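# Pasted the sequence and its predicted model underneath.
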Amino acid sequence: MARSRLVFVSPQFLFPADAGGKIRTTGILRGMKGGYFDITLISPAMEDQPRLFACELGEICDRFLFWRAPRRGKLAGAVRRVAALASRLPASVALDRSRAAMALIADVLATHPDVVVADFVHAAVLFDCVPPRGSVVFTHNVEAEIFGRHAQAVSNPLARAIWHAQRRKMAEFEARRLPAFAKVIAVSERDLGFFLETYGVRGAETIPTGVDFDYFGALASPPSAAIAPRGGELVFTGSMDWPANIDAMQYCMNEIWPLIAVVRPEARLTVVGRDPPSGLMEKARARRLNWRFTGFVDDVRPFIRDADLYVVPLRVGGGTRIKIYEAMAMRRPVVSTSIGVEGLPIEAGNHYRRADTADAFADEVLRLLAAPAQGAEMAETVYDFILKRYSIRRVARTFEDICKRAADPTAAPDFMQPHPLAMVV
């Protein structure tokens, strides 16, 4: 018996899986591969990427189709970003828009797949129209909220004005595009409530955040039982070309780290993630901070394993942070802001230490470094908690079930005509 056909449209090439959205998406697709759906993945790609990542693509889809991604030159990229700011679309969406993509996706949709999934609301810009049945949008964040938080976090008036303008454009885009889909998948109850109340979406459901225990648990080990009184190893992981992570490290450098270093001058922070800004690294060198920037790494696990604490000083963000569960799956104590753990069903004090000011963050770090047994006990408690509930395999089954319901031809659709999405920019 032929399997139902699912078309999954991503606005980014998914490998290497070096960012939270890519990790979440590839984990779900890997868990669905070989199951109820025959999966066609469509995304942009550079000319050699399908060949270089053929094995990885084969693990998450039955076939891969792509349109040519734009060249990555710095000058060309800067020109495109400036032009995108002038668009009526949010800049991040305008950068994803592609006529070649729209033509390819239209051709595939003309074959009438059972389900089509748009990964991130950005992907909606690639559809001339959304099918009246079987259309799903997978939202990893409330995108407009992220822009609003950036506006609150920056002190420069021009930057603040730009972020406010982007927030307004993204709110308009989300409000127009999300209701066009038969189902909206959110990653937290908080996001779901926002979509229902603010944008009036219908058919919305949630999936939990999941982690690949087979992968991260393989290198897990108990935290150190003894930490040098003047030192301590801290780690942060995240794509360092992502503004929220850059802001987190600037906040840590300027406000948190001086409070830690005065008590533990030999403490070290390792920042693991692609493309750290040269300006940030230069400031760390100029201030002679005991910081290390790795840039892109094939495997983040050794860096997490070798740390005494995992820190998440995020002030900006949306959706949920997979990085927290990755650290917990490796049995590492976590210190985080409220925004860092937003949307995750974990308890402050019992599962992690919460700190929303620089003083509080430094205090929690110093307490756990001084009492490693407490951190180890907390890490073990939350490891057991998420192991039983939030494996990526469970999440993939939940996602698959939602797509099955979207594909059910007996279900009454929320609307009967394709929703026009074409827009002149």
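All right, it came through fine.
# quick one: low-confidence parts of the stretch 1-150 of the chain?
Across the stretch 1-150 of the chain, the ranges flagged by pLDDT under 70 are 1, 72-77.
# How are the strands of it distributed by residue range?
For the stretch 1-150 of the chain, the strands defined by DSSP state E, counting those that start in this stretch occupy 4-9, 37-45, 63-68, 115-119, 129-130, 135-138.
# I'd like these as CSV, with distance to L344 and mean neighbour count appended.
Quick note: C-beta positions are derived from backbone N, CA and C, even for glycine. CSV is the format used below for the strands of the stretch 1-150 of the chain (distance: least, Cβ to Cβ, whole Å; neighbours: other Cβ atoms under 10 Å):
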stretch, distance to L344, mean neighbour count
strand 4-9, 25, 23
strand 37-45, 27, 22
strand 63-68, 32, 16
strand 115-119, 21, 28
strand 129-130, 30, 20
strand 135-138, 18, 27
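# any chance of those in a markdown table, with distance to F147 too?
Below are those laid out as a markdown table (distance: least, Cβ to Cβ, whole Å):
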| stretch | distance to F147 |
| --- | --- |
| strand 4-9 | 23 |
| strand 37-45 | 23 |
| strand 63-68 | 27 |
| strand 115-119 | 19 |
| strand 129-130 | 24 |
| strand 135-138 | 19 |
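# closest to S98 out of those strands?
Among those, the nearest to S98 by Cβ to Cβ is strand 63-68 (5.9 Å).
# between that closest one and strand 37-45, how big is the angle?
Put simply, strand 63-68 runs at 20 degrees to strand 37-45, going by axes from the mean of the first three to the mean of the last three Cα atoms, to 10 degrees.
# relative to strand 4-9, how tilted is strand 63-68?
In terms of direction (the same axes, to 10 degrees), strand 63-68 departs from strand 4-9 by 20 degrees.
# show me what contacts V142?
Applying Cβ atoms under 8 Å, 6 or more residues apart in numbering to V142 gives the contacts E174, D191, F194, F195, G318, G319.
# separation between the nearest residue to C403 once chain neighbours are set aside and R88?
Distance criterion Cβ to Cβ, 6 or more residues apart in numbering; nearest residue to C403, sequence neighbours excluded, is V115 at 4.9 Å. V115 sits 30 Å away from R88, going by Cβ to Cβ, to the nearest Å.
# can you check S43 too?
S43 is 25 Å from R88, by Cβ to Cβ.
# Any stretches of the stretch 251-400 of the chain with poor pLDDT?
319.
# repeat that with 90
Applying pLDDT under 90 to the stretch 251-400 of the chain picks out residues 316-322, 343, 386-389, 391.
# In stretch 159-174, which residues are buried?
I162, W163, Q166, R167, K169, M170, A171, F173, E174 (16 or more other Cβ atoms under 10 Å).
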